[in-house]
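Visitor: with the sequence up front, the predicted model follows.
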2 protein chains.
Amino acid sequence: MADGLSTFVLKYSNSMNYKSFSNQEIVDMDNRYRIQLINSIGGFKSICLIGTQNDEGQNNLGIFNSVFHIGSAPALYGFCCRPADRERHTLENIMETGVYTMNQVDESFYKQAHQASAKYPRELSEFDQVGLTPQFEHDIKAPFVQEAKIKFALELEDDLLLSNKNTLVIGKVVHVLVREDLIDEKGYIDLAAANTITGSGCDAYYTTDTLGRMPYARPENTDKK
Amino acid sequence: MADGLSTFVLKYSNSMNYKSFSNQEIVDMDNRYRIQLINSIGGFKSICLIGTQNDEGQNNLGIFNSVFHIGSAPALYGFCCRPADRERHTLENIMETGVYTMNQVDESFYKQAHQASAKYPRELSEFDQVGLTPQFEHDIKAPFVQEAKIKFALELEDDLLLSNKNTLVIGKVVHVLVREDLIDEKGYIDLAAANTITGSGCDAYYTTDTLGRMPYARPENTDKK
């Protein structure tokens, strides 16, 4: 890393000007500008389709970009749902049945996945509307996305109401399906080979290229490179 | 999307075999395999360096991959901290001072960023140890990473103890710094142009290429493509 080019890049970047937004400027700025800005500053996001079913067997599919890993033993994942002051089919279904699926979105169906963010009436299934296929496995009462190469089912573990009236949904992973050519003998899944996409802001999608895997970091590794 | 190649890819992918892991198999599997598997299934992650300072002015820098956007008005971000049953300098400093920074990691310093995950003693600053530069701005009592092109400061809003003894830290964004060539007139920041990296699993890093930005989805856009 400490080669001439990288050193130049760092020095060059430090000499560039920065836009600076204070707390008051953030509060006062145009709403659409703030949405773009605040959604972009946290870096890249997981893009997952969450599949649910209500007690009447109506399927639902929603796209979410706030999925995050909490722990592996027990295996827990969280995601954030917007305020329940209007219809939130995904959240309502999870509260009804306690079960949901998360499905990685890849390049081959990202446009259909994005279309699942449209506000369809409750009685329509986004699977039908956007052209994806519900898949039921192992008596789990929530649909997987058949087209997804990496997907898992969760059982509701906790729901926490946050200060901005969003709900943080925490689930325990109860079943995992991974296309067998994508997982190695140590459990590592190659998301670049899967063509899994990532997102930023509210509406931008990206493919990835592998930079590398890093060894477990220890203090004695330090060489200030 | 519904061209011949994509249809072929979907059909081909559906015919591939899947590895299937039940709840009991997840519980019983080798610990290192489970860590890799569970960390990989949720898709790509934000990679952020979190900068803090304790009351004595000692700087600390940690790398986190669970940063997620909660809302833009108020502007809130969350991240997950592992159990406080051992020294967790980032969490302890945030509890002491109530202030922290998040800094996007780009390709030019991702190895230094990864090295910040090593367990250094409390009295050493990871900035010094890995070769990054603390930057203080606007009387904020936490260091930014000078090398980062996109960075923001937060004030602690809430801390929630989760069922696995992790702490979910929620902060309000109080200052944003973005290199001015990376943000457009609508507030959108081009993370691919910034060379911001993304991560998966515990140790894999990736650069990205833009696929595209999608229009706001409405039910009537549907053409099942």
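Guide: Everything's here; your move. Residues are numbered from 1 along each chain as shown, chains lettered A, B, ... in the order given.
Visitor: where's residue A:23 relative to residue B:138, distance?
Guide: 10 Å (C-beta to C-beta, to the nearest Å). The C-beta positions use only the backbone N, C-alpha and C, and glycine is treated the same way.
Visitor: repeat for residue A:186
Guide: 45 Å.
Visitor: residue A:50 now?
Guide: Residue A:50 is 39 Å from residue B:138, by C-beta to C-beta.
Visitor: compare residue A:23 and residue B:138 (neighbour count), which wins?
Guide: The neighbour count for residue A:23 versus residue B:138, taken as other C-beta atoms under 10 Å in any protein chain shown, is higher for residue A:23 (17 against 12).
Visitor: return the residues in contact with the more buried one.
Guide: B:173-175 (C-beta atoms under 8 Å, 6 or more residues apart in numbering or on different chains).
Visitor: return the member of those nearest to chain A.
Guide: residue B:174 (4.3 Å; C-beta to the nearest C-beta).
Visitor: compute the number of surrounding residues for residue A:86.
Guide: Around residue A:86 there are 7 residues (other C-beta under 10 Å).
Visitor: name the helix or strand for it, please.
Guide: Residue A:86 belongs to no helix or strand when elements are defined using DSSP states H and E.
Visitor: can you read off the backbone torsions of residue A:113?
Guide: Backbone torsions of residue A:113, given as degrees, to the nearest 10, read phi -60, psi -40.
Visitor: same deal with residue A:40?
Guide: Here is the backbone geometry of residue A:40 (degrees, to the nearest 10): phi -90, psi -20.
Visitor: gap between it and chain B?
Guide: As judged by C-beta to the nearest C-beta, to the nearest Å, residue A:40 and chain B stand 4 Å apart.
Visitor: how about the contacts made by that residue?
Guide: Shown in contact with residue A:40 (C-beta under 8 Å, 6+ apart): A:200-201, B:150, B:187-189, B:191.
Visitor: again, but for residue A:207
Guide: Contacts of residue A:207 (C-beta under 8 Å, 6+ apart): A:107, A:195, A:197, B:208-209, B:211.
Visitor: repeat that for residue A:196.
Guide: A:104-106, A:149-150, A:208, B:43-44.
Visitor: sorry, back to before: which PyMOL command selects the buried ones in the contacts of residue A:207?
Guide: Applying 16 or more other C-beta atoms under 10 Å in any protein chain shown to the contacts of residue A:207, the buried members can be selected in PyMOL as follows:
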select buried, (chain A and resi 107+195+197) or (chain B and resi 208+211)
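Visitor: so where's chain A uncertain?
Guide: Residues of chain A meeting the criterion pLDDT under 70: A:1-15, A:221-225.
Visitor: now residue A:193: which helix or strand?
Guide: Residue-wise, residue A:193 maps onto no helix or strand under DSSP H and E.
Visitor: right, and it touches residue A:182 too?
Guide: Yes. Using C-beta atoms under 8 Å, residue A:193 is in contact with residue A:182, at 5.9 Å.
Visitor: tell me which of the two has more neighbours.
Guide: Neighbour count, other C-beta under 10 Å: between residue A:193 and residue A:182, residue A:182 has more, with 21 against 12.
Visitor: which ones are touching that one?
Guide: Contacts of residue A:182 by C-beta under 8 Å, 6+ apart are A:149-150, A:189-190, A:193-194.
Visitor: overlap in contacts, residue A:23 and residue B:138.
Guide: Common contact partners of residue A:23 and residue B:138 (C-beta under 8 Å, 6+ apart): residue B:175.
Visitor: chain A: strands as residue ranges?
Guide: Using DSSP state E, the strands assigned to chain A run over residues A:18-22, A:45-46, A:48-53, A:59-64, A:68-72, A:75-81, A:99-104, A:134-135, A:144-145, A:150-161, A:167-179, A:198-200, A:204-213.
Visitor: give me the beta-bridge partners of the residue nearest in space to the middle of chain A?
Guide: Most central in chain A under C-alpha atoms, centre = their mean is residue A:46, positioned 3.0 Å from the mean C-alpha point. For residue A:46, the beta-bridge partners are residue A:198 (DSSP bridges).
Visitor: quick one: neighbours of the residue nearest to residue A:122 when sequence neighbours are not counted, just the number.
Guide: Distances taken as C-beta to C-beta, 6 or more residues apart in numbering or on different chains place residue A:89 nearest to residue A:122, at 6.0 Å, with adjacent residues excluded. Residue A:89 has 19 neighbouring residues, counting by other C-beta under 10 Å.
Visitor: residue A:89 and residue B:89, how far apart?
Guide: Taken as C-beta to C-beta, the span from residue A:89 to residue B:89 is 42 Å.
Visitor: again, but for residue A:169
Guide: Distance, residue A:169 to residue B:89, using C-beta to C-beta: 29 Å.
Visitor: circling back: most neighbours among the contacts of residue A:23, which one is it?
Guide: Scoring those on neighbours with other C-beta under 10 Å, the highest-scoring entry is residue B:173 at 25 neighbours.
Visitor: what's opposite the nearest residue to that one once chain neighbours are set aside in the beta bridge?
Guide: Distances taken as C-beta to C-beta, 6+ apart put residue B:75 closest to residue B:173, at 3.8 Å, once the chain neighbours are dropped. With DSSP bridges as the criterion, residue B:75 is bridged to residue B:72.
Visitor: my read: residue B:75 touches residue B:175, true?
Guide: No. At 10.4 Å, residue B:75 does not count as touching residue B:175 under the criterion of C-beta under 8 Å.
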